[in-house]
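Peer 1: how would this look folded up:
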Amino acid sequence: MSSLQTKKSKPLIEQATTNTTSWVGRRPDDKELLCGQTFISPAEGVLDSIEVFSSIVSKPGKLVMTLHQFDRHHKTWGPAMGTTSVEMNSSSAGGWVAFPIPGLQLQKGQSYGFKLESADAYVGIGEAAGSYANPPFDDGQEWQFLKNEQRSHAFSYFSLAFKVGLRA
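Peer 2: Below is the predicted model of the structure:
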């Protein structure tokens, strides 16, 4: 067994506060909302999974997560480095949902981001609301997108509730 296989994954990045909800998926008006979160890796390591807190599952279906490199200076998302999906249903509400994306190497000090989307589900993801002067998460931003639109919105005073499991 290699030394990487014997090391346990632990959440090296965690924002577990949730005091409001961000939505992802197909809204009742048929528009598709995406949400995302950027973060800086505090260590070099192999990614096991990213967890998000599922507050509400309004409509069950498949939730897709993609992981990207993120350019903090230009605020641009690179191509997807990895993709995974999880079937969401009523039993998914009120707890942490793991999206396994094993084997990707994250570099210390580099920025990454994950996006969540769904063509059929409508899910409330736990988020923390802070203020401009007191953001809930210093090393990243929450992002909101509408599918097939160029515009996106980044918020430093909001953060999704998430955990990044990394074997450092």
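Peer 1: partners of the residue nearest the centre of the chain in the sheet?
Peer 2: What sits nearest the mean C-alpha location of the chain, by Cα atoms, centre = their mean, is residue 114, with 4.4 Å. Beta-bridge pairing of residue 114 under DSSP bridges involves residue 37, residue 67.
Peer 1: hang on, it packs against residue 50?
Peer 2: Yes: counting by Cβ atoms under 8 Å, residue 50 is a contact partner of residue 114 at 5.5 Å. Placement of C-beta: from N, CA and C, glycine included.
Peer 1: Overlap of the contact sets of those two?
Peer 2: Each of 65, 67, 99, 162 lies in contact with both residue 114 and residue 50 under the rule Cβ atoms under 8 Å, 6 or more residues apart in numbering.
Peer 1: Wait, the second one touches residue 111, no?
Peer 2: To tie it back to what came earlier, the one meant is residue 67. No: contact between residue 67 and residue 111 fails when scored by Cβ under 8 Å: they sit 11.7 Å apart.
Peer 1: So the two - more neighbours on which side?
Peer 2: residue 67 (22 against 18; other Cβ atoms under 10 Å).
Peer 1: show me what contacts that one?
Peer 2: Per Cβ under 8 Å, 6+ apart, neighbours of residue 67: 47, 50, 80, 81, 82, 83, 101, 104, 112, 113, 114.
Peer 1: one more time with 10 Å
Peer 2: 47, 50, 78, 80-84, 99, 101, 104, 106, 112-115, 164 (Cβ atoms under 10 Å, 6 or more residues apart in numbering).
Peer 1: so where's this structure shaky on pLDDT?
Peer 2: Low-confidence segments of the chain, defined by pLDDT under 70: 1-9.
Peer 1: about what we covered before: ChimeraX command for the buried members of the shared contacts of residue 114 and residue 50?
Peer 2: To isolate the buried members of the shared contacts of residue 114 and residue 50 in ChimeraX, using 16 or more other Cβ atoms under 10 Å:
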select :65,67,99,162
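Peer 1: Nothing else from me, thank you.
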